[in-house]
Each structure stands twice: as structure tokens, then as C-alpha cells.
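Trainee: Provide a 3D model corresponding to the input given below.
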Amino acid sequence: MSGVPVSKLPDDDMQAAPAALVRAGQQARELARRTGTAVVVVRDGVLVEEGVDNSTQQATPPMAGSQK
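Mentor: Model (predicted):
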């Protein structure tokens with residue numbers, strides 16, 4: 001992801017929502033890295049399990065047989 005998405009909603013309370021979602025994703029990937037588990041994300045409308053690379057904390061390609 002390149003940068004934090006910007007909310008286009010007029011409600012002031014919703015302006016922080018995109019950044020909060022990015023932080024939540026980062027925390028989920030950190031937890032997955034520490035526990036050696038996959039992160040489940042939606043890519044193009046499909047649930048996909050992704051492993052997390054311990055050296056970079058970046059998502060790795062989907063795990064074999066993980067598409068649902």
C-alpha cells in the first residue's frame with residue numbers, strides 16, 4: 001500500500017478511520033509474525049491466507065492451497 005488512504009466522508013469522526021485500519025493491519029501482521037500464523041485478507045473479493053516474512057514483516061504470496 002502506498003501511503004494512508006484518505007477518507008472522503010464529511011463526518012470529522014471518520015477522518016481518522018483509514019489510518020486506524022492501516023494500523024490494525026500492521027498489528028495483525030505483527031501478531032501473525034510472532035505466532036507463526038497466516039493473515040487472512042480479501043483480495044479481489046476472495047479470502048486469501050498470506051504468510052508474513054519474518055525479516056521484512058511484509059505479506060508473502062498466498063500459501064499453497066489457501067484460497068477459499
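Trainee: secondary structure element for the most centrally placed residue in the chain?
Mentor: Nearest to the mean C-alpha position of the chain, by CA atoms, centre = their mean, lies Gly25 at 3.9 Å. Using DSSP states H and E, the element containing Gly25 is helix 17-35.
Trainee: Could you point out the helix or strand that follows that helix?
Mentor: Next in line after helix 17-35, if elements are assigned by DSSP H and E, sits strand 39-43.
Trainee: which strands and helices sit next to that next one?
Mentor: Applying 3 or more CB pairs under 8 Å, 6 or more residues apart in numbering; DSSP states H and E, we find strand 39-43 packed against helix 17-35, strand 46-52, strand 59-62. In short, each C-beta sits where N, CA and C put it, glycine included.
Trainee: List the contacts of it.
Mentor: For strand 39-43, contacts defined as CB atoms under 8 Å, 6 or more residues apart in numbering pick out 28-29, 32, 47-52, 59, 62.
Trainee: Now with 6 Å, please.
Mentor: Here strand 39-43 makes contact (CB atoms under 6 Å, 6 or more residues apart in numbering) with 28-29, 32, 47-50.
Trainee: Centre of this protein to the edge, which residue is at the far end?
Mentor: Pro10 (25.2 Å).
Trainee: Could you check how far stretch 38-46 is from the centre of its chain?
Mentor: With CA atoms, centre = their mean, to the nearest Å as the basis, the distance from the averaged C-alpha position of stretch 38-46 to the chain average is 9 Å.
Trainee: which parts of it are buried?
Mentor: Under the neighbour-count criterion of 16 or more other CB atoms under 10 Å, stretch 38-46 has 38-39 buried.
Trainee: export it as PDB, just CAs?
Mentor: Output in PDB follows, covering the C-alpha atoms of stretch 38-46 (Å, rounded to 0.1, in the frame of the first residue of the first chain):
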ATOM      1  CA  ALA A  38      -1.100 -16.600   8.400                       C
ATOM      2  CA  VAL A  39      -3.100 -13.400   7.900                       C
ATOM      3  CA  VAL A  40      -6.400 -13.700   6.100                       C
ATOM      4  CA  VAL A  41      -7.200 -10.900   3.700                       C
ATOM      5  CA  VAL A  42      -9.600 -10.300   0.900                       C
ATOM      6  CA  ARG A  43      -8.000  -9.900  -2.500                       C
ATOM      7  CA  ASP A  44     -10.300  -9.200  -5.400                       C
ATOM      8  CA  GLY A  45     -13.300 -10.500  -3.400                       C
ATOM      9  CA  VAL A  46     -11.600 -13.800  -2.500                       C
END
